[in-house]
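> Compute the structure for the input listed below.
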Amino acid sequence: MSNLISSVIAFLLTLVPVFSNQLTKPPIDQTTILFTGDIMLGRSVMGEVIDKNDYLYPFRNVQSFLANADITFVNLENAVINNCPRQYKGSFSFCTTPEITKGLQESGVDVVTLANNHSYNFGIDGFEETKKNLSDLGIKSVGWKNLEIIEKKPPNGESSGTTFGFLGFDYVTSQKNIESDLNLIKESDSQVDVLIVSPHWGEEYKSMANSLQTTVAKQMVENGADLIIGHHPHWVQNSETIGNTPVYYSLGNFIFDQMWSEETKRGLVVKITYDGKEIVKKEEFKTYIPKIGQPLLQDGV
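Next up, the predicted model:
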């Protein structure tokens, strides 16, 4: 009997290293990146924040969801200036204050694109002030011919990280610089593992991309774009895959005050999961704005 017990114990001991190796196996090197529809923290949204004395008001229902991603990249449709006057319905010059912009910071937003038709609403000085105020909050900005890079390293530190590059371009204000933008995409592609491009383009209140969008998207892919996330139409538009590159032509509105139609109250949040530089999962979450500037996720997240 003692020999049998000894044999059983010896057999069990041979299994310990196997189980131990399984438990200590390093996690997969994955990075999640979130993209939202248009964010505008001025005009009536700013009014709601002031009246409620709550700078987190626009983010109350989505804050934890946004912050849960490794990287969150959004389109910001307003200047961020210290002496922003309260704007009212009918105004098309959008600004907000650094205090209200803390809502972006506390919701985990890492990068914003300022490449849109409202970033210069308060002139060049307002644009430069916007960049500084965002930087002071630890938020990177693109859209002024610059590439921003974020590197995500694996938790175990045993391998090099993955570099994600971000670019923003505005084709609503002008379409004169497309060629130079394509050159910047080509140059940037050589500097990062994954290049994400956010163009401001298309026609407002249209559900389908126009010929400019589809043509430029193909050119961007040819020059190295690995993911394209578009903005401006205020409606969710169609998406497609060009080669291996997902293209979302417009994610609609996320935080806005366009309460006069159902479509302008709808948006799409896209979550892309990368394993290294390869996309392993794409998720889409519908959003809805039932109250001015305060979106809800409609997918039970």
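> and residue 72, that's in a strand?
Yes: Residue 72 sits within a strand when classified using DSSP: H, G, I helix; E, B strand; the rest coil.
> so where do the strands sit in the stretch 201-301 of the chain?
Remark: strands assigned in the stretch 201-301 of the chain by DSSP state E, counting those that start in this stretch are 227-229, 239-242, 245-248, 253-255, 266-275, 278-291, 294-297.
> right, I mislabeled it, should have said the stretch 1-150 of the chain
Under DSSP E, counting those that start in this stretch, the stretch 1-150 of the chain gives strands at 30-35, 38-39, 71-75, 79-80, 95-96, 111-113, 140-142, 148-152.
> Go through those strands and pick out the most buried.
Comparing these by mean neighbour count (mean count of other CB atoms under 10 Å), strand 79-80 ranks first with a mean of 30. Any C-beta I mention is one placed from the backbone N, CA and C, and that applies to glycine too.
> returning to that earlier point: most packed of the strands of the stretch 201-301 of the chain?
Across these, averaging neighbours per residue (mean count of other CB under 10 Å) puts strand 253-255 on top, at a mean of 28.
> partner strands of it, parallel or antiparallel?
Sheet pairing for strand 253-255, assigned by DSSP bridges, gives strand 38-39 (parallel).
> just checking, residue 74 touches residue 41?
No: using CB atoms under 8 Å, residue 74 makes no contact with residue 41, being 10.8 Å away.
> Quickly list what's touching both of these two.
Jointly contacting residue 74 and residue 41 under the rule CB atoms under 8 Å, 6 or more residues apart in numbering are residue 104.
> Quick check: closest non-adjacent residue to residue 87.
Distance criterion CB to CB, 6 or more residues apart in numbering; nearest residue to residue 87, sequence neighbours excluded, is residue 43 at 4.5 Å.
> how close does that neighbour get to residue 88?
Distance, residue 43 to residue 88, by CB to CB, to the nearest Å: 7 Å.
> between these two, which one's more packed in?
residue 43 (26 against 10; other CB atoms under 10 Å).
> Distance check, that one against residue 256.
Remark: distance between residue 43 and residue 256 (CB to CB) = 9 Å.
> again with residue 61
15 Å.
> More neighbours: the two, which one.
residue 256 (25 against 15).
> And the pLDDT for that one?
On pLDDT, residue 256 comes in at 98.
> still on that earlier bit, just put the strands of the stretch 201-301 of the chain in TSV and tack on distance to residue 135.
Below are these laid out as TSV (distance: least, CB to CB, whole Å):
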stretch	distance to residue 135
strand 227-229	22
strand 239-242	32
strand 245-248	27
strand 253-255	21
strand 266-275	25
strand 278-291	28
strand 294-297	26
